[in-house]
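predicted model and sequence below, questions to follow.
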Amino acid sequence: MDHHFRRQDMSLDRLISALSAQIPPERLLQQRSQIAPYESDALTSLRERPGAVFLAASQEEVIDAVRLCHAHRVPFVARGSGTSLSGGSLPIENGIVIALNRLNRIIMLDPQQRLAVVEPGVINLDVSRAAAPHGLYYAPDPSSQLICTIGGNVAFNSGGAHCLKYGMTANHVLGIKAVLPDGEVVQLGGFSLESSGPDLTGFFVGSEGLFGIALEITLRLLSKPEAYRTILASYDSLAAAGQAVSDVVAAGLLPGAMEIMDRLAIEAAEASVNAGYPRDAAALLIVELEGEAVEVDAEFAHLRRVIEGSGASEIRVAADEAERARIWKGRKGAFSAVGRLSPNYIVQDGVVPRSKLGEALQRIEALSAAYGTRVANVFHAGDGNLHPLILYDGRVPGALERAEELAGEIIHMCIELGGSITGEHGVGMEKRHHMPAMFLPGDLALMSAVRRAVDPLELANRGKMFPAAQAPVTAGGQAHAQSVTGHG
Amino acid sequence: MADRLAPIAVEHAAQVQEAVRAFDRVTVRGGGTKPAMALAPLHSPAQPLDLHGLRGIIEYEPQEYTFTARAGTPLAEVNDLLAANGQYLPFDPVLVEAGATLGGTVASGLSGSGRLRYGGVRDFILGVRFVDGSGAIVQGGGKVVKNAAGFDFPKLLTGSMGRLGVIVEVSFKVFPAPPAYRSLFVRYPNIQPALEAVYALTTQPVDLVALDLLPGGAGEGWTLALRIGGAEALLASRLDRLQRLLTAGDAMSSLAGDDEARFWRDAAEFTWTPAGSTLIKVPLTPAQIAALESRLAATTAPRRYAVAGNVLWIAWPHTLTTLEAVLIELGLAGVVVRGQATVPWIGHAPASAFTRRIKAALDPHDKFPPFFPD
């Protein structure tokens, strides 16, 4: 270990001198106080101090920095706004952070062809804001869309509340110009909705930064729906709300969003943004239809009948855009609102088949009781994507470990029920040790082979996604030897 | 030239593994509806694997909007089962009646005109099991509608044309099917006003299932074909609205019922391509169509621009050299679906540095045909 760290330190020193020759000091942060904000992302239980933080100001600077990292064999982590809930942008000791927020140009917006080309530091919501005057919008809407960046969305294939109908980030990215971990620049995909050959763009999205850094991203825009109808229903139990979701699906409806919040989440949202939710409900269901006005009106009548027959104790319909916005404000602010209930929390992101929602929620309730740990539930019910928020107090010794253990049990339950360990937050650091529970050794071995073929030195976001047992250093060494023979 | 090797009929995934380990070169065949896409270089004879016997739907939960089936399962069987439950594959698979299989549909990456509304094959595939070039079985993705764990092999295998692995099983997302459809046809004297109509429509908040542009018949003008779907009772008023959105005075006609369904089925089956022609798909954008058409003016090759001008389907009657030159000049690349070709690629070769690295990882011994000829 020791000799390895010394070698890395020397590499880092050489990299920093090389960067210093090109970059003004105010954009190459090295002092501890300057670096501190970058030691963690939204998974605050993990911290790591990087060797330096480079605030890149142009695509060329990013390419140069990646080439220098490669030349000096220093690992790098690309970072946007640091909203990853899976520790996806956790720095690497003796590596550098390449901060991309200043690459925030919307390079092109073509309303006729419904396209936008953006740099990775562009904020998610800013794409929709720029497209709005043309009657267009960018569909993926993670709860953090006010601050999260498109680069991070691409790296982790972010979702949001509208995934059942519209898909995730990958379904809205048509092309990517990227710098690979050895500094080679490639263009994947293009402007067309269709492509020829393997879907490399789709493969790059969600690769968690392991394939390099996206520099320009071509996004598909959609026409803003003409009409929305939003319904808010209260239930006496989570199971009843879950059953209502099944009823809506069985009715052949395809809502843009179906979200559930439990009592604890309702309480937090009310305390935080005063969304006007019924406070006595055990569970709230939000269902939203959108599309052409005549269609939405007809479907809404159908939806209303289904919800009325689902045993809801109260039904509210958003009368206007302001009321709709208020309902969504409470939902989208729920994660941060839960921060008012507890000093710390872990957000889980498992997925279960929709028909198993009720069973999953009951088991989470039982686990919460068994652990004596409060769990708030806010989730994308339409696609079975759970977001249990496990509350703990980090100042209490052992509390974090207990919360993590509970989180692990929930993840295993998701796999057992035929789902996934992550719906939209990615594996990152947080769930890498659960990968062997979801994939067989052969599946992981091929992922690892792909990683090494793209990045033999494993410099790009080293340590993420793969279980720690597949440690990068030894694997990287072997892979490098292979690549020398393999690629000539 | 060596005699072609007799195909091995595969009924179990393990047979694919054995074959990949046993033979130096392997190609895959499903329903045989897109033969050009599986082409291997003539100088390295490959053992064909026939997967049409590796069939059957393994899981289908209508309430989950998902199903899992073996690669050789005919699309027709899948469509029938989904239709019986009021559901469908929104990417509008092509060559279904011709016998296309699920695995071939994924490997070809082809979607039909109806992909305009919700997306293509890549947007609906959830999971894939495949045999890689070392003969290992690999699972990527999952069976649930939302999943972000691990590298997205399902998308990578989409459009891989048998060059990265042999797909043995796939999982898909499905949607409730529109109960009824209507189509509107609008004639334009030339392509420019037709393209302007495409732009006008795609920026309106109207839900179009399909929007195709095709030659107007008798070599004159262009016709815009619009399809809407949904509740029967609303279709007439929605169609009226579309007519009002389009320039007054354009010659219009509409279709409903069996005739309407037949029009789009014919599009998906490519019944409009003459015998002996070579069918090619060229992804592009509507802004590139005028330049391409000016170069194709001398040809009568049947063609249509589908998906709001995002893909050209063309049935080329001659050798491909002229078309290739045009595509290269415009920076376009296409794939050959069937007909006379020695490689499935035509035009401006897409950037391959990333492809080469991925290919080296999945197929280290070059068991499958190369993406690009030497």
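In hand now; what should we look at? Residues are numbered from 1 along each chain as shown, chains lettered A, B, ... in the order given.

in chain A, which residue is most central in space?
A:His425 (3.4 Å; CA atoms, centre = their mean).

tell me how far it lies from chain B.
Using CB to the nearest CB, to the nearest Å, A:His425 is found at 7 Å from chain B. (C-beta placed from N, C-alpha, C; glycine too.)

same question, A:Ile260
A:Ile260 sits at a distance of 15 Å from chain B (criterion: CB to the nearest CB).

next, that residue: secondary structure please.
With DSSP: H, G, I helix; E, B strand; the rest coil as the basis, A:Ile260 sits in strand.

and it, bridged to which residues?
Residues in a beta bridge with A:Ile260, per DSSP bridges, are A:Leu285, A:Phe379.

so how far is A:Arg114 from it?
Noted for A:Ile260: a distance of 32 Å to A:Arg114, by CB to CB, to the nearest Å.

roughly how far apart are the nearest residue to A:Cys148 once chain neighbours are set aside and A:Leu400?
Sequence neighbours aside, A:Thr83 is the residue nearest to A:Cys148 in space, at 4.4 Å (criterion: CB to CB, 6 or more residues apart in numbering or on different chains). Per CB to CB, A:Thr83 is found 20 Å from A:Leu400.

neighbour count for these two, which is higher?
Set A:Thr83 next to A:Leu400 and count neighbours by other CB atoms under 10 Å in any protein chain shown: A:Thr83 wins out with 25 against 17.

phi first, then psi, for the residue nearest the centre of chain B.
In chain B, the C-alpha nearest the mean C-alpha coordinate belongs to B:Leu110, at 1.2 Å (CA atoms, centre = their mean). Here is the backbone geometry of B:Leu110 (degrees, to the nearest 10): phi -90, psi 140.

if I pick it, what's in contact with it?
B:34, B:93-95, B:121, B:281, B:337 (CB atoms under 8 Å, 6 or more residues apart in numbering or on different chains).

will you turn those into TSV that also has pLDDT, neighbour count and distance to chain A?
What follows is the contacts of B:Leu110, written out as TSV (pLDDT from 0 to 100; neighbours: other CB atoms under 10 Å in any protein chain shown; distance: CB to the nearest CB, whole Å):
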residue	pLDDT	neighbour count	distance to chain A
B:Lys34	95	26	13
B:Pro93	98	27	14
B:Val94	98	28	12
B:Leu95	98	23	16
B:Val121	98	28	9
B:Lys281	98	24	7
B:Val337	97	24	11
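
state the helix or strand in which residue 369 lies.
Here I'm looking at chain A. Assigned by DSSP states H and E, A:Ala369 belongs to helix A:357-371.

hmm, I had chain B in mind actually
Taking DSSP H and E as the definition, one finds B:Pro369 inside no helix or strand.

separation between the nearest residue to it once chain neighbours are set aside and chain A?
Distances taken as CB to CB, 6+ apart put B:Ala40 closest to B:Pro369, at 3.9 Å, once the chain neighbours are dropped. B:Ala40 sits 16 Å away from chain A, going by CB to the nearest CB.

helix or strand: which one has B:Ala40?
Following DSSP H and E, one finds B:Ala40 outside all helices and strands.

what's the distance between it and A:Arg432?
38 Å.

could you list the low-pLDDT ranges of the stretch 101-250 of chain B?
B:217-219, B:248-250 (pLDDT under 70).

can we see that at 80?
Across the stretch 101-250 of chain B, the ranges flagged by pLDDT under 80 are B:216-220, B:247-250.

in it, which spans are strands?
Counting by DSSP state E, counting those that start in this stretch, the stretch 101-250 of chain B has strands at residues B:125-131, B:137-141, B:166-173, B:175-176, B:180-188, B:210-215, B:222-230.

how distant is the shortest one from the center of its chain?
Going back to what we said before, that points to strand B:175-176. Taking CA atoms, centre = their mean, to the nearest Å, one finds the center of strand B:175-176 at 20 Å from the center of the full chain.

that strand and chain A, are they touching?
Yes - counting by CB under 8 Å from any CB of the partner chain, chain A has neighbours in strand B:175-176: B:175-176.

which residue does the stretch 101-250 of chain A have closest to chain B?
When scored by CB to the nearest CB, the stretch 101-250 of chain A has A:Gly202 as its residue closest to chain B, at 3.2 Å.

so how far is the helix or strand containing that residue from its chain's centroid?
Counting by DSSP H and E, the element that carries A:Gly202 is helix A:200-204. Relative to its chain's centre, helix A:200-204 lies at 17 Å (CA atoms, centre = their mean).

likewise for stretch B:204-218?
18 Å.

ok, now which ones touch residue 59?
Unless you meant another one, I'm taking chain A. If you count contacts by CB under 8 Å, 6+ apart, A:Gln59 has them with A:103, A:119, A:215-216.

wrong chain, I was asking about chain B
B:Glu59 neighbours (CB under 8 Å, 6+ apart): B:66-68, B:143.

filter those down to the ones near chain A?
Checking the contacts of B:Glu59 against chain A by CB under 8 Å from any CB, the ones in range are B:66, B:143.

I'd like the contacts of B:Glu59 as a markdown table, with secondary structure and neighbour count appended.
Shown next, in a markdown table, are those (DSSP: H, G, I helix; E, B strand; the rest coil; neighbours: other CB atoms under 10 Å in any protein chain shown):
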| residue | secondary structure | neighbour count |
| --- | --- | --- |
| B:Thr66 | strand | 23 |
| B:Phe67 | strand | 26 |
| B:Thr68 | strand | 18 |
| B:Lys143 | coil | 23 |
